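Chemist: Sequence below, structure please.
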Amino acid sequence: MSTVKNSAYYEHLKKIAIAIIAAFLCAISMKLFLIPAKVYASGINGAAQLVVDIFHDFFHVNLDLGLLILVLNLPIIWLGWTKVGKSLTLYSFIVIGITSFFISVLPTYAISSDIILNSIFGGVISAAGVGIALKHGISTGGLDIIALYLARKKDTPTGRYFMILNGIIIVAAGAIFNWQNALYTLVSRYVNSYVVDLIHTNYQKLTVFIITPHADLVVSAIQQKFDRGATIIPAYGGYSKKPIYSIMMVVSNYEIYEIERTIKSVDPTAFIDIVETRRLNGYYHSEEEQTNSLEIRKQRKDSFKKRQSKENHREYRRRTRRRSQRNGGKPQPLHHSEHYQARGKHS
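Modeler: Below you'll find the model as predicted:
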């Protein structure tokens, strides 16, 4: 038990460390490259940049960019907490908070006066932060959460929503200020998307093949956390010459990190092959349906435990009364072995 707790504790620390690194890279990309070149970041960070520039140029009011990013993300954090998932949202909030802090305290400094270099390097560095976070099952918040929520509701790729929401920012920047910077923002977004795909994946769904002798244990462990079906295929090891199992299942790219960890916690020697899935034909649980199914399963399990506990308690009382009657009406506690028999009768 202590080993499991230590493992969970170190995993939590690892994710916090990844969140800090991702936040620092996102802040550096903005303060050293994008902001000096008037090129806009993606998502809420870019929207906050646009608002700050509008207030500065038209109303001569200087807003704190870091604080504005945090404020704009608060309703999105609430949406994520209630509709997407508490664990994902918690780490997203950590990334957002640390990014806002770094943007507020780090000075704005132009390393280069070349707007093309700023666009490219700003996109690459921010993509490194986003990609590292996604690879470890962490979202950087903002439009990530909105796009993920919309994709889960309609079961369509998140990339479509990223394009629409970021396109609004680019068009607004071009219409209000100048189209040259808006087009360079488009270049930065393209570089950003390309690098994120290299580090993580741009596929919404992935097919996982698991080679293990412990098929039932692996599938059971996965299905305790994810409502995913699996096909178990008996196989034969070409090298080991031993019977083995091949498990095939389709998952989303947001689940893959936790699924890999779950598999390795059951069978550290399991062989895992992850294949990009271009198209599915058949029924596939969206994440919202999966969450509802897991919640129903949990409620049924809790209800069964309560009924079992009541039945055990009634059986214990009946045995106590019978023992009391045999001893002339004096209440006698059950012997511990009889007590366990009463408890285990209905288990």
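Chemist: Assign the closest residue to H56 other than its chain neighbours to helix, strand or coil.
Modeler: Spatial nearest neighbour of H56, excluding adjacent residues (CB to CB, 6 or more residues apart in numbering): N62 at 6.0 Å. The C-beta positions use only the backbone N, C-alpha and C, and glycine is treated the same way. The three-state label given to N62 by DSSP: H, G, I helix; E, B strand; the rest coil is coil.
Chemist: cool, and T269?
Modeler: What three-state DSSP gives for T269 is coil.
Chemist: Which residues are in contact with the closest residue in space to it that isn't next to it in sequence?
Modeler: Nearest residue to T269 in three dimensions, chain neighbours excluded: T212, at 7.7 Å (CB to CB, 6+ apart). By CB atoms under 8 Å, 6 or more residues apart in numbering, T212 lies in contact with V218, I244, Y245, I247, I263, D267, T269, A270, F271.
Chemist: Quick check on the residues you listed: which are buried?
Modeler: Buried members of the contacts of T212, scored by 16 or more other CB atoms under 10 Å, are V218, I244, Y245, I247, I263, D267, A270.
Chemist: pLDDT-wise, which helix or strand of the protein ranks last?
Modeler: Using mean pLDDT, DSSP states H and E, helix 336-344 stands out as the lowest-scoring helix or strand of the chain, at a mean of 47.
Chemist: I222 versus the residue nearest to T269, what's the distance?
Modeler: Going from T212 to I222 by CB to CB, to the nearest Å gives 11 Å.
Chemist: Report the set of residues contacting both of those two.
Modeler: Going by CB under 8 Å, 6+ apart, residues that sit against T212 and also against I222 are I263.
Chemist: Poorly predicted segments of the stretch 1-150 of the chain, please.
Modeler: 1-5 (pLDDT under 70).
Chemist: need the helices for the stretch 101-250 of the chain, in chain order.
Modeler: Here the stretch 101-250 of the chain has its helices, by DSSP state H, counting those that start in this stretch, at 115-135, 143-154, 158-176, 179-199, 215-225.
Chemist: So A37: helix, strand or coil?
Modeler: coil.
Chemist: ok, it - how many residues close by?
Modeler: For A37, the count of nearby residues is 23 (other CB atoms under 10 Å).
Chemist: Kindly report the same for I164.
Modeler: Counted with other CB under 10 Å, the neighbours of I164 add up to 12.
Chemist: just I94 next, same as before
Modeler: Neighbourhood size, I94 [other CB under 10 Å]: 19.
Chemist: I18 is in contact with that one, correct?
Modeler: No - with contact defined as CB atoms under 8 Å, I94 does not count as touching I18 (9.8 Å).
Chemist: can you tell me the average pLDDT over stretch 213-223?
Modeler: For stretch 213-223, the mean pLDDT works out to 94.
Chemist: picking up where we left off before, can I get the contacts of T212 in a markdown table including distance to F33?
Modeler: As requested, the contacts of T212 are exported to a markdown table (distance: CB to CB, whole Å):
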| residue | distance to F33 |
| --- | --- |
| V218 | 45 |
| I244 | 50 |
| Y245 | 50 |
| I247 | 45 |
| I263 | 39 |
| D267 | 44 |
| T269 | 44 |
| A270 | 42 |
| F271 | 42 |
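Chemist: S265 - how many residues pack around it?
Modeler: Summarising burial for S265: neighbours were counted as other CB under 10 Å, giving 12.
Chemist: What of A17?
Modeler: Neighbour tally, A17, other CB under 10 Å: 11.
Chemist: correct me, but the residue nearest to H56 touches V51?
Modeler: No - between N62 and V51 there is no contact under CB under 8 Å: 12.0 Å.
Chemist: Tell me which of these two has more neighbours.
Modeler: Ranked by neighbour count (other CB under 10 Å), N62 and V51 place V51 first, with 15 against 9.
Chemist: List the buried residues of the strand or helix carrying that one.
Modeler: Using DSSP states H and E, V51 maps to helix 43-59. Neighbour-count burial for helix 43-59 flags G43, I44, N45, G46, A47, A48, Q49, L50, V52, D53, I54 (criterion: 16+ other CB under 10 Å).
Chemist: Just after that helix, pick out the following helix or strand.
Modeler: Counting by DSSP H and E, what follows helix 43-59 is helix 65-79.
Chemist: thinking V61 is in contact with D53, fair?
Modeler: No - assessed by CB under 8 Å, V61 is found out of contact with D53, at 11.2 Å.
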